[in-house]
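>>> Need a 3D model of the following:
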Amino acid sequence: KIYGLQRNTVFVFFAYAFVVFGTCIKIPLGMIKTGTLYGIVEWTDGKRPLRAFMMLAHYALYIGTILIAPFFSGRPWYVALLAGVTHMATSGILFAIFSQINHLNEHSIETDGSCDLVKTSWAANQVVTSNNFATRSFAWHVLSNGLNLQIEHHLFPGLNHCHLHLIAPTVRQTCEEFGVPYKSYETWSELMGATLGWLDALSVDEEKTVPS
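Predicted structure coming up:
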């Protein structure tokens, strides 16, 4: 009942439109105040003066540019407000359709346990919990900034996305050699459908669907 709206595609995209508010404003602010991420991971850069300063400067610049500066543009206040909201909503939706779909689906979360390496290998975990899509499409590669090769991106986050397609065949071959599931969807819509299907499945109250 609480998560029933997840079945509605429009609601899903509406919710993702607000994700950036959390990731770019609320979460960094909480990390600066507490020195941790969710009280779990320590913000170690906070102990390094230069990096801490750069983090604070970046945060202040982002807030100033996106949320405050539009109100000094000479335009009506509602236009200034719309500018900030439009930026965040667009960024949130792009985050959803190019990043989240690569992880939020049943095959990436509910693994079948057939790969023993997942228990001991960081690399195997990155592969099993990620998906690729439309890997042969230059258009999708450009539009997603290389996130259509999400598996390779997670394994080699420091590698420029323009080179990911060069290592993809080797990564796939290595996964096959060690028995690590390498999941790649032919199209973006196929992967998006898997994500929406997973959200729909999570919206069902299992206790009410199981016959008594």
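>>> Let me see the contact set for residue 153.
130, 146, 147, 159, 161, 164 (Cβ atoms under 8 Å, 6 or more residues apart in numbering). Where you see a C-beta, it was placed from the backbone N, CA and C, and this is true even at glycine.
>>> Show me how far stretch 77-94 is from its chain's centre.
19 Å (Cα atoms, centre = their mean, to the nearest Å).
>>> Tell me how far the spatially closest residue to residue 106 that is not a sequence neighbour lies from residue 158.
Residue nearest to residue 106 in three dimensions, not counting chain neighbours: residue 198, with 4.9 Å by Cβ to Cβ, 6 or more residues apart in numbering. Distance, residue 198 to residue 158, using Cβ to Cβ, to the nearest Å: 30 Å.
>>> So for those two, which sits in the more crowded spot?
residue 198 (19 against 4; other Cβ atoms under 10 Å).
>>> pLDDT score for the more buried one?
Listed pLDDT for residue 198 reads 88.
>>> Residue 103 is in contact with residue 126, isn't it?
No: judged on Cβ atoms under 8 Å, residue 103 makes no contact with residue 126 at a distance of 10.5 Å.
>>> Compare these two (neighbour count), which wins?
Set residue 103 next to residue 126 and count neighbours by other Cβ under 10 Å: residue 126 wins out with 19 against 14.
>>> follow-up on the earlier one: what sits against the residue nearest to residue 106?
Applying Cβ under 8 Å, 6+ apart, the residues contacting residue 198 are 104, 105, 106, 109.
>>> residue contacts, the last one?
Neighbouring residues of residue 109 by Cβ under 8 Å, 6+ apart: 103, 129, 198.
>>> Next step: those residues restricted to helices.
residue 198 (DSSP state H).
>>> Now render the contacts of residue 109 as JSON lines, adding distance to residue 79.
Listed next are the contacts of residue 109 as JSON lines, based on distance: Cβ to Cβ, whole Å:
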{"residue": "103", "distance to residue 79": "36"}
{"residue": "129", "distance to residue 79": "42"}
{"residue": "198", "distance to residue 79": "38"}
